[in-house]
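Participant: Predicted model and sequence below, questions to follow.
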Amino acid sequence: MKLATISSRTTKTVRDFLEHKSDLIMIASSTIILLIAVSLPVSATKILFYIASYAIIGYPVIWKSLKNIVHGNFFDENFLMTVATVGAIALGDYPEAIAVMLFYQIGELFEDLAVQQSKQSISSLLKLKPTTATLVTTTGERLVKPEQVTPGQIIRVKPGEKIALDGQLVKGNTSLDTSALTGESLPRDVQVGSTILSGTINLTGVIDIRVTKPYQESTVARILDLVQNAAQKKTVTEKFITRFAKIYTPIVVGLAVLLAVFPPLLQLGTWATWINRALVFLVISCPCALVISVPLSFFGGIGAASRHGILVKGSNFLEALTQVNTVAFDKTGTLTQGQFTVNAIQPAVLTKQQLLGIAAAAEQHSNHPIARSITTAYQGDLSQFYVQNIHETAGHGIQATINAQDVVVGNAKAMSENHIAMPAAQVECTTVYVAIDHQFAGSIKVADQPKPDAKTAISTLKQLGIEHAVLLTGDNQGVADQIGHELGLNHVEAELLPAQKVSKIEDLTHTAGHRVAFVGDGINDTPVLARADVGIAMGGLGADAAIEAADIVIMDDQPSKIATIIQIAKGTKQIVWENITFALMIKIIFLILGAFGIIGMWEAVFADVGVTMIAIMNALRLQRQ
């Protein structure tokens, strides 16, 4: 197994190198001509070979430098390399000038390979994009583009095919490969009625899916949009390094000019000596290690997250996550499974079946997990209920006219708002109250269980330095306290409306030293996700609005992935600052040594290309996370 893995990696590395064939030919050609030149006796031919070797390896850099100068960008690494090497040739230091360009181009090649490797885990998501869908029509099957399919139509997916659109399974049973979305290697079994996400692969049976969203709003389309735009959102560190390089480069060029001019004028040495030192100074000063390694590190962090089924919408959110010390959670569907079951029906004036029927009729069009549990529990015929004037209020419940009676189905706040008196009772689980014509008609108790990894997730977060784990829920206080105690949360706030959740988040963010992440999945969580310092959505079955508002999306809905992304974020930030510190220290030391003539052009090459290569290799450690 290990030999197969090593062989696979070796083959992949060779393939990556071959994709840069023109660069390899350029480097090899220049090296061969340089070796020939070195072996020749001093002559005009020897110089011609040196010039030819330099022209081959230096042409791309010189050309970029000239183009940048035309566009007003004088001071970049191409300009520094061009000035330094042309100056070295003018002084007759041909091998040194060629070596600088040669090692610079080798460094560029390894940089490209490193970026390519960092992108692979993300770019693999781009392969999720389906090109066709099999549309089932009255005249048979027809192959169409996914963009042409509209909600309500049926698509057929055969074993081994990618699922092109989101929908609901209406025919057949199968297993799905969801690894590209969630990072989970085990297949997921689905049956009729299951929600199916685009981007997964059908493994076994032929299935028919009723499409619920157009392609532009499908899971795979949203993922592709996130992937392609993630690199555009820069971190504070990246922006600082970019600004630093723009200021730093002109300063070192000015210092190099002073180093070349003033000492000879003061009779401290020959012009050739000090010009050579100035050229060495320029090579050392190139900010490649900083400019390359910082964004590469953040990109590697985003790639590492994607391999765990976590989508980060920008490196700025990865950086913000390292400062979070408080995590607030929604309850239903976030820390709990969101799969409620009716476990008690307590009528006041009707039979149990009548009470459940009235509640199911009111809830039948709602997507809330509690509503779905009630409609699932009722086995009767809902068509016997004539439902009108349905109005759903987030955090309260539903009001409707059913068979000419005014019906309210919701929580205690809904009853209080409608001035409906209820008998006092101890609430130990989620309870839905029913009122008919402003009279209390009974209650329905439903139960939800914590997700298997929820308790471990909270414990791991505390080990990572999260000082406060808070529950913010619209559920009643008794249920919230029970869940909070069971999972080990620091604080519980219950019976909150969406606007009140936002207020609680604002209170936390205004508390000194608090940086807050909020984790949710429902449409009512959208304003809270947008208000928190970092919004994290459960994306597997989460509401579209929540996924759009969030900064980070966990595709398999596992709370333990919150700790995973925090670990990746902190590891990324650590590597970024390791690279910045290492690069600056080496640069400063070598710049001083170069100015005093203690080191020459070969050491300057290490201070530039060598440091860059070390920084890149350090950034690639993120690939192991």
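Facilitator: Looks like it came in fine.

Participant: Could you list the domains of this protein?
Facilitator: Here the domain parsing of the chain from automatic domain parsing is 150-213, 311-337+450-567, 341-446.

Participant: okay, now P527: neighbour count?
Facilitator: The tally of other residues near P527 (other C-beta atoms under 10 Å) stands at 17. In short, each C-beta sits where N, CA and C put it, glycine included.

Participant: which residues does the most centrally placed residue in the chain form a beta bridge with?
Facilitator: Nearest to the geometric centre of the chain sits V312, at 1.6 Å (C-alpha atoms, centre = their mean). When assigned by DSSP bridges, V312 has beta-bridge partners I552.

Participant: separation between it and I27?
Facilitator: Shown here: V312 relative to I27, a distance of 35 Å by C-beta to C-beta, to the nearest Å.

Participant: For the residue nearest to the centre of the chain, list the residues it contacts.
Facilitator: Residues touching V312, when contacts are defined by C-beta atoms under 8 Å, 6 or more residues apart in numbering, comprise A230, G301, I302, A305, S306, L318, D551, I552, I565.

Participant: got it, and A278?
Facilitator: By C-beta under 8 Å, 6+ apart, the residues touching A278 are G87, A256, V257, L259, A260.

Participant: So which bits of stretch 446-463 are buried?
Facilitator: Neighbour-count burial for stretch 446-463, counted by 16 or more other C-beta atoms under 10 Å, picks out V446, A447, D448, P450, K451, A454, K455, T456, A457, I458, T460, L461.

Participant: can you check stretch 145-152 too?
Facilitator: Within stretch 145-152, judged by 16+ other C-beta under 10 Å, the buried ones are P146, V149.

Participant: low pLDDT regions in the stretch 51-200 of the chain?
Facilitator: Across the stretch 51-200 of the chain, residues meeting the criterion (pLDDT under 70) sit at 74-76, 107, 111-129, 179-186.

Participant: that older thread, can I get the domains of the chain in JSON lines including distance to A37?
Facilitator: Conversion of the domains of the chain to JSON lines gives the following (distance: least, C-beta to C-beta, whole Å):
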{"stretch": "domain 150-213", "distance to A37": "52"}
{"stretch": "domain 311-337+450-567", "distance to A37": "45"}
{"stretch": "domain 341-446", "distance to A37": "74"}
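
Participant: what's the helix or strand for Q168?
Facilitator: Remark: Q168 resides in strand 167-171, with elements defined by DSSP states H and E.

Participant: what does Q558 give?
Facilitator: Taking DSSP H and E as the definition, Q558 sits outside all helices and strands.

Participant: Report the contact partners of it.
Facilitator: With contact taken as C-beta under 8 Å, 6+ apart, Q558 is in contact with K451, D453, A457.

Participant: mind checking the backbone torsions on the first one?
Facilitator: For K451, the backbone dihedrals (degrees, to the nearest 10) come out as phi -70, psi 150.

Participant: related to what we said a few turns ago, with respect to P347, which of the contacts of Q558 is nearest?
Facilitator: Nearest to P347 among the contacts of Q558: K451, at 32.2 Å, using C-beta to C-beta.

Participant: hang on, the closest one packs against K331?
Facilitator: No - with the criterion set as C-beta atoms under 8 Å, K451 and K331 do not qualify as a contacting pair; they are 10.7 Å apart.

Participant: about what we covered before: nearest to H20, of the buried residues of stretch 446-463?
Facilitator: The shortest distance between H20 and any of the buried residues of stretch 446-463, using C-beta to C-beta, involves T460 and amounts to 41.0 Å.

Participant: Helix or strand: which one has the closest one?
Facilitator: In this assignment (DSSP H and E), T460 forms part of helix 454-463.

Participant: Run through who's touching the helix or strand following that helix.
Facilitator: Following helix 454-463 in sequence order, the next helix or strand is strand 468-472 (DSSP H and E). Residues external to strand 468-472 that are found in contact with it (C-beta under 8 Å, 6+ apart): 325-331, 335, 458, 461-462, 480, 483-484, 488-494, 496, 501, 504-505, 508, 514, 518, 528.

Participant: where does the stretch 301-450 of the chain have low pLDDT?
Facilitator: 425-428.

Participant: now swap in the stretch 501-625 of the chain and tell me
Facilitator: Using pLDDT under 70 as the threshold, the predicted model of the stretch 501-625 of the chain has low-confidence ranges 512, 522-524, 540-546, 623-625.

Participant: For it, just list every one of the helices.
Facilitator: For the stretch 501-625 of the chain, the helices defined by DSSP state H, counting those that start in this stretch occupy 526-531, 544-549, 560-595, 601-605, 611-619.

Participant: Touching, V576 and F298? I think so.
Facilitator: Yes - V576 sits in contact with F298 when judged by C-beta under 8 Å, with a separation of 7.0 Å.

Participant: Compare these two and say which one has the larger neighbour count.
Facilitator: When neighbours are counted by other C-beta under 10 Å, F298 comes out ahead of the other of V576 and F298, with 31 against 28.

Participant: In contact with I458, which residues?
Facilitator: Residues in contact with I458, defined by C-beta under 8 Å, 6+ apart, are A469, L487, G488, L489, P559.

Participant: Is there a quick PyMOL command that grabs whichever of these are buried?
Facilitator: Command for PyMOL that selects the buried part of these, burial taken from 16+ other C-beta under 10 Å:
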select buried, resi 469+487+489+559
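
Participant: just checking, what's the longest strand in the protein?
Facilitator: strand 439-447 (DSSP state E).

Participant: That one - contacts with which helices or strands?
Facilitator: strand 341-347, helix 352-363, helix 369-377, strand 430-436 (3 or more C-beta pairs under 8 Å, 6 or more residues apart in numbering; DSSP states H and E).

Participant: Apply 10 Å and report the result again.
Facilitator: Contact analysis of strand 439-447 by 3 or more C-beta pairs under 10 Å, 6 or more residues apart in numbering; DSSP states H and E lists strand 341-347, helix 352-363, helix 369-377, strand 405-410, helix 412-417, strand 430-436 as its packing neighbours.

Participant: Quickly compare the ones you listed and say which is most buried.
Facilitator: Mean neighbour counts were compared across the helices and strands packed on strand 439-447 using mean count of other C-beta atoms under 10 Å; the top stretch is strand 430-436, at a mean of 24.

Participant: what lines up beside that strand in the sheet?
Facilitator: Pairing partners of strand 430-436, with direction, according to DSSP bridges: strand 405-410 (antiparallel), strand 439-447 (antiparallel).

Participant: between those, which gets nearest to V283?
Facilitator: Ranking those by proximity to V283 (C-beta to C-beta) places strand 439-447 first, at 69.7 Å.
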